[in-house]
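Engineer: could you work out the structure for the sequence below:
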Amino acid sequence: MRLERLSTNQFKIFLTFDDLIERGLTKEDLWHDLPRVHQLFHDMMYEASDELGFELEGMLLVQVYLLQAQGMLVIVTQNDQQLEDIDEDYVEMKVTLDESRELIFSFFDFENIIDVCTHLHNLGMDGGTIYHMDDRYYMLFDDNEVDGQNREHIIAIMSEFSSPSIITSYRLSEYGKVIIHSDAVTQVVEYFVNK
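Structural biologist: Numbering: from 1, shown residues only. Predicted structure coming up:
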């Protein structure tokens with residue numbers, strides 16, 4: 001579990017799917033086993049509170065994003081509005097759960113992108129967008145670009161050459177530089193492999 005304080009009243013938690021499994025949960029449990037999920041959030045909030053020195057009280061707004069290959073990103077915001085006539089130790093969580101169907105992987109070296117594109121092209125894939133940000137390359141596939149493909153196989157191939165990224169597509173589009181806007185697999189194979 002990775003923690004990061006974002007502001008005086010907000011912090012971020014990232015758990016990989018391995019972290020969830022260590023805590024005895026699967027991705028499917030997050031949608032169906034509410035008592036165990038409630039206990040997971042309770043434990044995570046207090047671990048984060050201890051590690052970040054964050055005083056938990058009142059209302060917490062918890063936004064949970066399930067990322068396809070990466071795991072779970074949780075943004076916790078403590079509401080500044082104090083709740084009246086409530087025990088000081090009382091904490092109320094309002095949880096929203098959303099699932100991202102896009103795949104985002106980060107690469108240290110463009111050579112690895114060439115390798116992954118060669119394998120994906122052999123599977124009949126042609127889409128993708130490539131960004132550069134903070135000395136890394138990022139490859140993004142929208143849900144519709146992966147439709148009809150074996151998603152787990154694609155994730156396995158990409159994981160050989162890169163790492164799943166917790167950066168969102170919104171952040172990439174705002175702060176990253178687009179290297180190849182669309183059909184990245186096809187373009188990389190055309191320019192770097194078939195020469």
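Engineer: could you pull out the strands for the chain?
Structural biologist: Counting by DSSP state E, residue ranges of the strands within the chain are 2-7, 10-16, 58-67, 71-78, 91-100, 103-107, 129-133, 136-141, 163-164, 177-180.
Engineer: among the ones you listed, show the one with the smallest mean pLDDT.
Structural biologist: For the strands of the chain, the stretch scoring lowest in mean pLDDT is strand 91-100; its value is a mean of 68.
Engineer: so what's the residue count around residue 161?
Structural biologist: Around residue 161 there are 20 other residues, counting by other C-beta atoms under 10 Å. C-beta: built from backbone N, CA, C; applies to glycine.
Engineer: can you add mean neighbour count and distance to residue 153 and give the strands of the chain back as a markdown table?
Structural biologist: Written out in a markdown table, the entries for the strands of the chain read as follows (neighbours: other C-beta atoms under 10 Å; distance: least, C-beta to C-beta, whole Å):
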| stretch | mean neighbour count | distance to residue 153 |
| --- | --- | --- |
| strand 2-7 | 12 | 27 |
| strand 10-16 | 19 | 20 |
| strand 58-67 | 18 | 18 |
| strand 71-78 | 20 | 19 |
| strand 91-100 | 13 | 19 |
| strand 103-107 | 22 | 12 |
| strand 129-133 | 20 | 20 |
| strand 136-141 | 22 | 13 |
| strand 163-164 | 16 | 15 |
| strand 177-180 | 14 | 22 |
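Engineer: make CSV out of these and add distance to residue 117.
Structural biologist: What follows is the strands of the chain, written out as CSV (distance: least, C-beta to C-beta, whole Å):
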stretch, distance to residue 117
strand 2-7, 29
strand 10-16, 25
strand 58-67, 22
strand 71-78, 25
strand 91-100, 22
strand 103-107, 11
strand 129-133, 9
strand 136-141, 8
strand 163-164, 17
strand 177-180, 10
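Engineer: out of those, which comes closest to residue 33?
Structural biologist: Among the strands of the chain, strand 91-100 comes nearest to residue 33, with 12.6 Å by C-beta to C-beta.
Engineer: domain-wise, how is this protein divided?
Structural biologist: Partitioning the chain according to automatic domain parsing yields domains covering residues 2-100, 103-193.
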